[in-house]
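> What follows is a predicted protein model with its sequence.
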Amino acid sequence: MALSLDGFLPHEDEMLMRWVRENKRHGFPRWQRQATFHIYPHYGLMDLLNVKEKHDKDCIYLAGVGDRGSAEYADGLFRYNLVDETVLFLLPLSYGGGIPLTGEFRSARWKLLGCKTFSNGICRLMYKRNG
């Protein structure tokens, strides 16, 4: 998911988002190719729990975040500890308002798996939840 420095979803027409959406080596397409399942806001959390139990641990579930509905869905995934890893694209801009990503996340510790900065100022952070 992509975020502004002040924690809001970037505007759809933001130029930096084009890079995140289209860069096949470092942006969203990289993670979309690796995913076993793509899940969307209409995919029920209980259904996800049932499917997760039936598949091995090597399955990768991808939930993209780009609007209010998907941000609320991601909030639910975090709230119920269904997110094991997350990739954040931090964009070098701030809005002072907009659609926030964070809601009522449960308290958790995250381990930084990797960080990469790009010449356009975007920073990609990869985290894994501890325990």
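Thanks, I have it.
> Least confident secondary structure element in this protein?
helix 45-54 (a mean of 71; mean pLDDT, DSSP states H and E).
> wait, residue 30 sits on residue 24?
Yes: taking C-beta atoms under 8 Å as the definition, residue 30 is a contact partner of residue 24 at 6.6 Å. All C-beta spots, glycine's among them, are computed from the backbone N, C-alpha and C.
> Confirm residue 83 sits in a helix?
No: counting by DSSP: H, G, I helix; E, B strand; the rest coil, residue 83 is located in no helix; its state is coil.
> before we move on, the earlier item: after the least confident helix or strand of the chain, heading C-terminal, what element do we hit next?
Following helix 45-54 in sequence order, the next helix or strand is strand 61-63 (DSSP states H and E).
> And that next one, what's buried?
61-63 (16 or more other C-beta atoms under 10 Å).
> Same question for stretch 117-131.
118, 122, 124-127.
> cool, stretch 99-116 as well?
Buried, per 16+ other C-beta under 10 Å, within stretch 99-116: 99, 101.
> Which neighbours in the sheet does whichever strand or helix holds residue 90 have, and how are they oriented?
Element membership for residue 90 (DSSP H and E) is strand 85-91. Sheet partners assigned to strand 85-91 using DSSP bridges are listed as strand 2-4 (parallel), strand 123-129 (antiparallel).
> who's in contact with it?
Applying C-beta atoms under 8 Å, 6 or more residues apart in numbering, the external contacts of strand 85-91 come out as 1-5, 10, 14, 16-17, 20, 27, 31, 110, 113, 121-129.
> Show me what whichever strand or helix holds residue 17 is packed against.
Under the criterion of DSSP H and E, residue 17 resides in helix 15-22. Packing contacts for helix 15-22, counted by 3 or more C-beta pairs under 8 Å, 6 or more residues apart in numbering; DSSP states H and E, involve strand 2-4, helix 28-34, strand 85-91.
> Let me know the angle separating that helix from strand 123-129.
60 degrees (axes from the mean of the first three to the mean of the last three C-alpha atoms, to 10 degrees).
> Beta-bridge partners for the residue lying closest to residue 98 once chain neighbours are set aside, please?
Of all residues not flanking residue 98 in the chain, residue 8 sits nearest, at 3.8 Å (C-beta to C-beta, 6 or more residues apart in numbering). According to DSSP bridges, the partner residues bridging residue 8 are residue 100.
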